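can't give you the sequence, but here's the structure:
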Ligand code: G3H
Ligand code: 13P
Ligand code: ZN
């Protein structure tokens, strides 16, 4: 089937009370692994591409491959193509014209400037609303779904908010959804991107009660959990065993993601786990088969490692078995819905 709007996939997940993985891709092997896992487990899936991935893959290459997967290779799998952390309106317009069926406008940060520490500063609530509204107007006119973000990602240690992290304020989240009309909303509940989410040896804590509160206030808006990689120990150990240096890596335990889904999280963003699976598999081949120099000899096992992990994720999030539950909707259907 054609790529479907992300809104359709998340509305159905909301009805069925399950989570859907949104997996970052940068190349063909990641895409094949994720789509293969979705087909095998009969799971709807969200393929997401960051601005850096767009650059890496010459902007249009990934969308062509994703369309091939949806239309030709796995027509039975509902698939959405989503821009992850869209930094500005120009990138939103670009992705809409490339055929993306969903975009995130990350209005929580001002990607146009950097502070003294070289970080993008947080935007005010008002500025976030303004840029998100602009993105919604452009995307919805084309039937494309929109994810916004309120609060900034980071870690929470005991009860103290660390650094420039701002957890989502549920009242503000409700106001944000009402003012912007976003389809999905990323919440800051204490997760962070990458492989080092929590200090090693400490209890992993997330502000899960924020999910309950926001879900009650805006039950039709799909809630999104960024920084959801579990950073599986066996992958990290394998990377380190074969010469890598990823010490003290800690992710979000799968049981905690399942708890978040029970409370109303619907889109679960995973990038780091895929990176670790690939790195572990490639390092192993390089050490065990030093004479190998055909990329298929190491990218093949890397692809298989990602596929195996994503199958487990799709089962753990409750997505498995839901691919055939509903009829597809087109962007034109969504255009009419948004207009009416
Ligand atoms: O949210 C961040 C994702 O992991 C994307 O990372 O910008 O390095 O592609 P990237
Ligand atoms: P991880 O770094 O935990 O995989 O998070 C990815 C993410 O949130 C992409 O938007
Ligand atoms: Zn993210």
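Now that the structure is in, tell me what you want to look at. Just so you know, these numbers come straight off a predicted model, no measurement behind them. Ligands and ions are numbered 1, 2, ... in the order given.

What's the mean pLDDT across stretch 10-29?
Average pLDDT, stretch 10-29: 98.

Quick one: end-to-end distance for that stretch.
25 Å (Cα to Cα, to the nearest Å).

quick one: buried residues of it?
Neighbour counts over stretch 10-29 (16 or more other Cβ atoms under 10 Å) mark 10-14, 16, 18-27, 29 as buried. All C-beta atoms are positioned from the backbone trio N, CA, C, and that covers glycine.

So which of these sit within strands?
In this view, the buried residues of stretch 10-29 that belong to strands under DSSP state E are 20, 21, 22, 23, 24.

out of these, which touch ligand 1?
residue 24 (Cβ under 6 Å from any ligand atom).

Take the ones in strands among the buried residues of stretch 10-29 and write them to TSV, including distance to residue 190.
Listed next are those as TSV, based on distance: Cβ to Cβ, whole Å:
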residue	distance to residue 190
20	21
21	20
22	19
23	22
24	20
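
okay, now the closest residue to residue 102 other than its chain neighbours: neighbour count?
Using Cβ to Cβ, 6 or more residues apart in numbering and skipping the chain neighbours, the partner closest in space to residue 102 is residue 6 (3.4 Å). As a burial measure, residue 6 scores 32 neighbours (other Cβ atoms under 10 Å).

Roughly how far does residue 6 sit from ligand 1?
16 Å (Cβ to the nearest ligand atom, to the nearest Å).

ok, that residue touching residue 80?
Yes - with contact defined as Cβ atoms under 8 Å, residue 6 reaches residue 80; the gap is 3.9 Å.

Identify the contacts common to these two.
Here residue 6 and residue 80 have 46, 101, 102, 145 as joint contacts, going by Cβ atoms under 8 Å, 6 or more residues apart in numbering.

just so I have it, where are all the strands in this protein?
Using DSSP E, strands in the chain cover 20-24, 45-50, 79-86, 102-105, 145-150, 156-157, 160-161, 184-187, 222-225, 265-270.

Tell me which of those strands lies nearest to ligand 2.
Proximity to ligand 2 (Cβ to the nearest ligand atom) singles out strand 265-270 among those, at 3.4 Å.

can you count the residues close to the residue of the stretch 151-300 of the chain found nearest ligand 3?
Closest contact between the stretch 151-300 of the chain and ligand 3, by Cβ to the ion, is at residue 226 (3.4 Å). Look at residue 226: counted by other Cβ under 10 Å, it has 25 neighbours.

cool, residue 217 as well?
By other Cβ under 10 Å, 15 other residues sit near residue 217.

Please report how far it lies from residue 21.
Residue 217 sits 25 Å away from residue 21, going by Cβ to Cβ, to the nearest Å.

Could you do residue 258 as well?
On the measure of Cβ to Cβ, residue 258 and residue 21 end up 13 Å apart.
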